[in-house]
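J.: Sequence first, predicted model second:
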Amino acid sequence: MKTHRLPFTLLLLLGLLFASALSAHAAERVQLHAFLITASNERTGKSDPRLAPYEQTLRRIMRFESFEYQGSDRGELGAGESTTLMVGQGHELVIEAGKNPYQLRVRWSANVGERTLMNTGVTLRPGVPAVLGGPPTGRAPGEVYAVFIVAK
């Protein structure tokens, strides 16, 4: 009786490749950089250099003229993990990753968790900011808070 080892070996090899791909995806870590900004239609002139790489995207998405840096924080997470980023002015982001570390659930709150401003899901692409428009700042007419998150 002849045994055919090739199909068994091929199945074993495919199984190992599939398992390693799953574990690599699960082990993938995402570096996050989140910014708190204010946005308004006032023309303030020169933008903050920290926002320069993102200014064109912010203008296109938010349709405001000027953006002012308020604070930022960095974090890292993998699939199924969460992190809290303190982005300034008492604003915090609680970020949870699903099975894919680029698919996130974001809870944005003010006064360090006292008041939830937004609870939403976002899917990040490396280098492309995900922008969340927020509430009025109360400091100037038409000025709002916004948060954007960039994955690296």
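T.: Cool, got the structure.
J.: in the protein, which ranges drop under the pLDDT threshold?
T.: Applying pLDDT under 70 to the chain flags residues 1-26, 45-46.
J.: Helices of that one, residue ranges please.
T.: With DSSP state H, the ranges of helices along the chain come out as 5-27, 55-62.
J.: For Ser72, which non-adjacent residue is spatially closest?
T.: Spatially, and ignoring its direct neighbours in sequence, Ser72 is nearest to Phe35 (4.5 Å; C-beta to C-beta, 6 or more residues apart in numbering). C-betas here are computed from N, CA, C, even on glycine.
J.: For the one you found, name its beta-bridge partners.
T.: Taking DSSP bridges as the rule, Phe35 bridges to Ser72, Phe148.
J.: how close does it sit to Asn100?
T.: 23 Å (C-beta to C-beta, to the nearest Å).
J.: what bridges to Leu85?
T.: Note on Leu85: beta-bridge partners by DSSP bridges are Leu93.
J.: measure it to Pro129 for me?
T.: 14 Å.
J.: Over to Ser66?
T.: Counting by C-beta to C-beta, the gap from Ser66 to Pro129 is 17 Å.
J.: centre of the chain versus stretch 30-49, how much separation?
T.: Mean C-alpha position of stretch 30-49 versus that of the full chain (C-alpha atoms, centre = their mean, to the nearest Å) differs by 15 Å.
J.: do the same with stretch 139-152
T.: Per C-alpha atoms, centre = their mean, the centroid offset for stretch 139-152 relative to its chain is 14 Å.
J.: Can I get that stretch in CSV? Just the C-alpha atoms.
T.: C-alpha atoms of stretch 139-152 as CSV (Å, rounded to 0.1, in the frame of the first residue of the first chain):
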residue,chain,number,x,y,z
ARG,A,139,-13.1,81.0,24.0
ALA,A,140,-13.9,82.6,20.6
PRO,A,141,-16.9,82.5,18.3
GLY,A,142,-16.7,79.7,15.8
GLU,A,143,-13.6,78.1,17.4
VAL,A,144,-13.8,74.3,18.0
TYR,A,145,-11.7,71.6,19.5
ALA,A,146,-10.6,68.7,17.3
VAL,A,147,-8.4,65.7,17.8
PHE,A,148,-6.5,63.8,15.2
ILE,A,149,-4.7,60.5,15.5
VAL,A,150,-1.8,59.3,13.4
ALA,A,151,-0.5,55.7,13.3
LYS,A,152,3.1,55.0,12.5
